[in-house]
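1. got a predicted structure here, sequence first:
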Amino acid sequence: MTDDTKQKRMPKRPGKIRDGLDRAERALFTRPAPKSARAQMKFLRTRFKGSSKSVAALLGVSRRTVDRYLSGASKQPHKRLQEALTEHTEAQWQPQVKAHARQRAATSAGLVISTRAYFGLGPEGTSDAGRVRDISVAVSPAHAAVILAKRQEGATDADLHEPVAEAIADAYFRQGGGAHAGLQVEFADVEWLNISF
């Protein structure tokens, strides 16, 4: 097994932005995702057209391990396997619901981003000096489309940082242009970030 293959099988540790997007998608579910290891294995096997081998490759375990959970012989997965099961199940749960919400956000509704982070605007000693702020803002569908497209491409938190910063800056600080059109905004030290559709 190559290092690349291991990397793909291990669950990625989401950063604050990716985690915020994941939570926003989970909030869309109209039914709860499977919780038990057996139900999650059954769901993933269904998504892979009945192939236990494909599920085993996805989770980084043997086919025999998958079969033990499917038969009910094993019930309590170790922590890494439980995290992988939950992540992959939720990532593939109700794809049409998530796709519809992404489409609506990218074309008409936009996203709402709430965060507590450092925002730097102007030089020290001015009323616009950088400081930690709590901000909640509705971002435009155009910005939402960029953020969601990058997320679909598998972007890391570092890749998503710039489009999220630009979306917040445009919606909150620049307010659509005018006298503030060229305002440079620094977005750093994110304490928490929530996103909703």
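-> Ah, there it is.

2. partner strands of the helix or strand containing Ile135, with direction?
-> Ile135 belongs to strand 131-139 when assigned by DSSP states H and E. Strand 131-139 has the following strand partners under DSSP bridges: strand 111-120 (antiparallel).

3. contacts for stretch 145-160?
-> With Cβ atoms under 8 Å, 6 or more residues apart in numbering as the test, stretch 145-160 has contacts from 14-18, 21, 102, 105-107, 111, 139, 163-164, 167. No exception for glycine: its C-beta is placed from N, CA and C like everyone else's.

4. mind listing what's buried in it?
-> 145-148, 150-151, 155, 157, 160 (16 or more other Cβ atoms under 10 Å).

5. mind checking how far Gly110 is from Pro32?
-> From Gly110 across to Pro32, the span is 27 Å (Cβ to Cβ, to the nearest Å).

6. out of the contacts of stretch 145-160, which is nearest to Val61?
-> Set against Val61, the nearest of those by Cβ to Cβ is Pro14 (21.6 Å).

7. state the pLDDT value of that closest one.
-> On the pLDDT scale, Pro14 is placed at 60.

8. buried residues in whatever helix or strand Arg68 lives in?
-> Per DSSP H and E: Arg68 is located in helix 63-71. Buried residues in helix 63-71, counted by 16+ other Cβ under 10 Å: 65-70.

9. lowest-confidence entry in the contacts of stretch 145-160?
-> Pro14 (60).

10. tell me the domain boundaries of this protein?
-> 30-93, 101-196 (automatic domain parsing).

11. quick one, phi/psi of Glu191?
-> phi -80, psi -40 (degrees, to the nearest 10).

12. which of the contacts of stretch 145-160 count as buried?
-> For these, a burial check counting by 16+ other Cβ under 10 Å picks out 16-18, 21, 102, 105-106, 111, 139, 163-164, 167.

13. picking that back up, helices - which of the contacts of stretch 145-160 land there?
-> Among the contacts of stretch 145-160, DSSP state H puts 16-18, 21, 102, 163-164, 167 in helices.

14. what segments of the protein are helices?
-> Using DSSP H, helices in the chain cover 3-9, 16-26, 37-47, 52-59, 63-71, 79-92, 95-104, 141-152, 157-168.

15. what's the closest of those to Glu191?
-> Nearest of those to Glu191, taken as Cβ to Cβ: helix 16-26 at 8.3 Å.

16. output that closest one as PDB, nothing but the C-alphas.
-> Extracted C-alpha coordinates of helix 16-26, given in PDB (Å, rounded to 0.1, in the frame of the first residue of the first chain):
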ATOM      1  CA  LYS A  16     -12.700  25.200  10.800                       C
ATOM      2  CA  ILE A  17     -14.000  26.100   7.400                       C
ATOM      3  CA  ARG A  18     -14.500  22.600   6.100                       C
ATOM      4  CA  ASP A  19     -16.000  21.500   9.400                       C
ATOM      5  CA  GLY A  20     -18.400  24.500   9.100                       C
ATOM      6  CA  LEU A  21     -19.500  23.300   5.600                       C
ATOM      7  CA  ASP A  22     -19.800  19.700   6.800                       C
ATOM      8  CA  ARG A  23     -22.000  20.800   9.700                       C
ATOM      9  CA  ALA A  24     -24.100  22.900   7.400                       C
ATOM     10  CA  GLU A  25     -24.700  19.900   5.100                       C
ATOM     11  CA  ARG A  26     -25.600  17.600   8.000                       C
END
